[in-house]
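In: Show me how the following folds:
(one chain, ligands or ions: 1)
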Amino acid sequence: MAMAYLAWRLARRSCPSSLQVTSFPVVQLHMNRTAMRASQKDFENSMNQVKLLKKDPGNEVKLKLYALYKQATEGPCNMPKPGVFDLINKAKWDAWNALGSLPKEAARQNYVDLVSSLSPSLESSSQVEPGTDRKSTGFETLVVTSEDGITKIMFNRPKKKNAINTEMYHEIMRALKAASKDDSIITVLTGNGDYYSSGNDLTNFTDIPPGGVEEKAKNNAVLLREFVGCFIDFPKPLIAVVNGPAVGISVTLLGLFDAVYASDRMVFFSLLPLQATFHTPFSHLGQSPEGCSSYTFPKIMSPAKATEMLIFGKKLTAGEACAQGLVTEVFPDSTFQKEVWTRLKAFAKLPPNALRISKEVIRKREREKLHAVNAEECNVLQGRWLSDECTNAVVNFLSRKSKL
Ligand SMILES: CCCCCC/C=C/C(=O)SCCNC(=O)CCNC(=O)[C@H](O)C(C)(C)COP(=O)(O)OP(=O)(O)OC[C@H]1O[C@@H](n2cnc3c(N)ncnc32)[C@H](O)[C@@H]1OP(=O)(O)O
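Out: Reported below is the predicted structural model:
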């Protein structure tokens, strides 16, 4: 256990001390279970659930998860033992090796049992601030609440990494239009689960209307233009609370927000941290920039840095995105929700007319330009969506041949 703790400290040595875990919940493994029925699908579901863990389960549990995963997928440990100074790999090797000749099926079942015993902390909506808020119904893909002068629009497809499908585009527009007219002072967008959003849902390209792919591309371009237009014209302060990795259109739109607060959240899976990132892999997908980013990003960053992101698909961490001006401020994940919502509540107490008027003064001289950029980007994209490069990229993702 001491070794695991050391490994943990080392793995996190570049993190602020406020991120470090202080409690290690004890979890009972059901090693003696006789009915071993976990299917491959159960196992995969459990692996996905692990990624949604809100609370860090502690080193001991993570090492068990790692060991069971390896045993279930590769069988008994036959790797050479890492050197004594290779603390992390040695802790992992020890945990795996300790399972001896446990059969793969039993390891799979124990993995599933262990994950299900962690279920209280799997409630990813625990990110939602407590309180008696007003909840809008009638949304399938969002949770929209209004409290303390803040309307919060939360992407709510955590199992799909909050990918934005056609329904969600429409619902976000509807929620923004309602928020622009309700009695709230500011509006916040955030994500439920481990991702802020993985961007456009790539299955949006699959349901082809009678007019064929040309009609589909045209419909998507019309939808995208209207969608981005809602952000350009949104009259109240609009703030993004970026709870995890963001991809594609969920990143580009940030250039149209008034403030962007990001968590330095690490998503842990088998002890490997996946850091919150900002990624616009348009060239990889055979596509081109949208969300007015071809105009806002070079202004926010510099033309060269914008090129790295938008053309070459360079992924930025929250800290890097902050240094480039895309993110306003980064918070340690352990205090992110508390600090950000305290700040937002204070913003929402400012005189509402002053907020709106100041936003309008800033946006006014850019609005026409932004709409023109939006129209041009959508036109270009309409052509890209019909290209082989784009088709191949989408087919590869959907047939599980590639991920970002
Ligand atoms: C009206 C049209 C307007 C178009 C506007 C133009 C917009 C452009 C963009 O936004 S470009 C960016 C598009 N996004 C991507 O290319 C991301 C694709 N996703 C991934 O690469 C990975 O899923 C990941 C890196 C985000 C996460 O990987 P991992 O942690 O391994 O999780 P899974 O891949 O297992 O994902 C879980 C589950 O979610 C589904 N999913 C995730 N992202 C998307 C997506 N963007 N589109 C469709 N589906 C997505 C994934 O398939 C899994 O589903 P499953 O459990 O297998 O059913």
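
In: okay, CA-based contacts and neighbour counts for the rest of this
Out: Noted.

In: Which helix or strand lies directly C-terminal to the host helix or strand of residue 94?
Out: For residue 94, the host element (DSSP states H and E) is helix 87-97. The helix or strand immediately downstream of helix 87-97 is helix 104-117, counting by DSSP H and E.

In: Give the buried residues for that next one.
Out: Neighbour counts over helix 104-117 (16 or more other CA atoms under 10 Å) mark 104-115 as buried.

In: swap in stretch 200-210?
Out: 200-202, 205.

In: Can you name the two of those residues that sit furthest apart?
Out: Farthest-apart pair in those is 200 and 205; separation 9.7 Å (CA to CA).

In: Near the ligand, which residues of the stretch 251-400 of the chain? Just list them.
Out: residue 282 (CA under 6 Å from any ligand atom).

In: What sits closest to the closest residue to the ligand within the stretch 251-400 of the chain if chain neighbours are left out?
Out: Of all residues in the stretch 251-400 of the chain, residue 282 sits closest to the ligand, at 5.8 Å by CA to the nearest ligand atom. Closest residue to residue 282 apart from its sequence neighbours, by CA to CA, 6 or more residues apart in numbering: residue 288 at 5.3 Å.

In: Which of the three states applies to residue 255?
Out: helix (DSSP: H, G, I helix; E, B strand; the rest coil).

In: what residues are up against it?
Out: Counting by CA atoms under 8 Å, 6 or more residues apart in numbering, residue 255 touches 291-293, 296-297, 300, 326.

In: Make JSON lines out of the buried residues of stretch 200-210 and add secondary structure.
Out: Listed next are these as JSON lines, based on three-state DSSP:
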{"residue": "200", "secondary structure": "strand"}
{"residue": "201", "secondary structure": "coil"}
{"residue": "202", "secondary structure": "helix"}
{"residue": "205", "secondary structure": "helix"}
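
In: any idea which of the residues you listed is closest to residue 310?
Out: residue 200 (15.5 Å).

In: Once you drop chain neighbours, what's closest to that closest one?
Out: In space, residue 200 is closest to residue 164, 4.9 Å off (CA to CA, 6+ apart).

In: which residues sit in contact with the one you found?
Out: Counting by CA under 8 Å, 6+ apart, the residues that residue 164 touches are 197-201.

In: The residues you listed: which ones sit near the ligand?
Out: 198-201.

In: Dump those to JSON lines, plus pLDDT.
Out: JSON lines is the format used below for these (pLDDT from 0 to 100):
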{"residue": "198", "pLDDT": "97"}
{"residue": "199", "pLDDT": "98"}
{"residue": "200", "pLDDT": "97"}
{"residue": "201", "pLDDT": "96"}
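
In: mind listing what the spatially most central residue of the chain touches?
Out: In the chain, the residue lying closest to the centroid (CA atoms, centre = their mean) is residue 195, at 1.8 Å. Shown in contact with residue 195 (CA under 8 Å, 6+ apart): 158, 161-162, 243-246.

In: and with 6 Å instead?
Out: 161, 244-245 (CA atoms under 6 Å, 6 or more residues apart in numbering).

In: So it belongs to a helix, correct?
Out: No. Going by three-state DSSP, the assignment for residue 195 is coil, not a helix.

In: Now do the strands in the stretch 51-200 of the chain.
Out: 134-136, 142-147, 150-155, 186-191 (DSSP state E, counting those that start in this stretch).

In: Any idea which of those strands has the lowest pLDDT on average?
Out: Among the strands of the stretch 51-200 of the chain, strand 134-136 carries the lowest mean pLDDT, at a mean of 71.

In: just to revisit the earlier point, ok, the contacts of residue 195 vs the ligand, which is closest?
Out: residue 161 (5.0 Å).

In: Quick check: the gap between that closest one and residue 372.
Out: 31 Å (CA to CA, to the nearest Å).

In: Pick out whichever of these two has more residues nearby.
Out: Shown here are residue 161 and residue 372; by other CA atoms under 10 Å, residue 161 has more neighbours (24 against 11).

In: how about the one helix or strand residue 260 maps to as CSV, C-alpha atoms only?
Out: Residue 260 is part of strand 259-263 when elements are defined by DSSP H and E. Taking Å, rounded to 0.1, in the frame of the first residue of the first chain, the C-alpha atoms of strand 259-263 are listed here in CSV:
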residue,chain,number,x,y,z
ALA,A,259,-15.6,33.9,-20.4
VAL,A,260,-14.3,30.3,-20.4
TYR,A,261,-13.5,28.6,-17.1
ALA,A,262,-11.8,25.2,-17.3
SER,A,263,-11.0,22.4,-14.9
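
In: Who are the packing partners of that strand?
Out: For strand 259-263, the packing partners by 3 or more CA pairs under 6 Å, 6 or more residues apart in numbering; DSSP states H and E come out as strand 238-242, strand 329-331.

In: If you average the pLDDT over the last one, what comes out?
Out: It stands for strand 329-331. On average, strand 329-331 scores 94.

In: so how far is stretch 382-389 from its chain's centroid?
Out: 26 Å (CA atoms, centre = their mean, to the nearest Å).

In: in the stretch 301-404 of the chain, what spans have low per-residue confidence?
Out: Scanning the stretch 301-404 of the chain for pLDDT under 70 picks out the ranges 401-402.

In: in the chain, which spans are helices?
Out: 2-11, 40-51, 59-74, 87-97, 104-117, 166-181, 212-233, 249-252, 293-300, 303-310, 318-323, 333-347, 352-384, 388-398 (DSSP state H).

In: Now do the buried residues in the longest one.
Out: Of the residues in helix 352-384, those scored as buried under the neighbour-count criterion (16+ other CA under 10 Å) are 352, 355-356, 359-360, 363, 370-371, 373-379, 381-384.

In: try the third one
Out: Neighbour counts using 16+ other CA under 10 Å place 59-72 of helix 59-74 among the buried residues.

In: Which of those scores worst on pLDDT?
Out: residue 59 (70).
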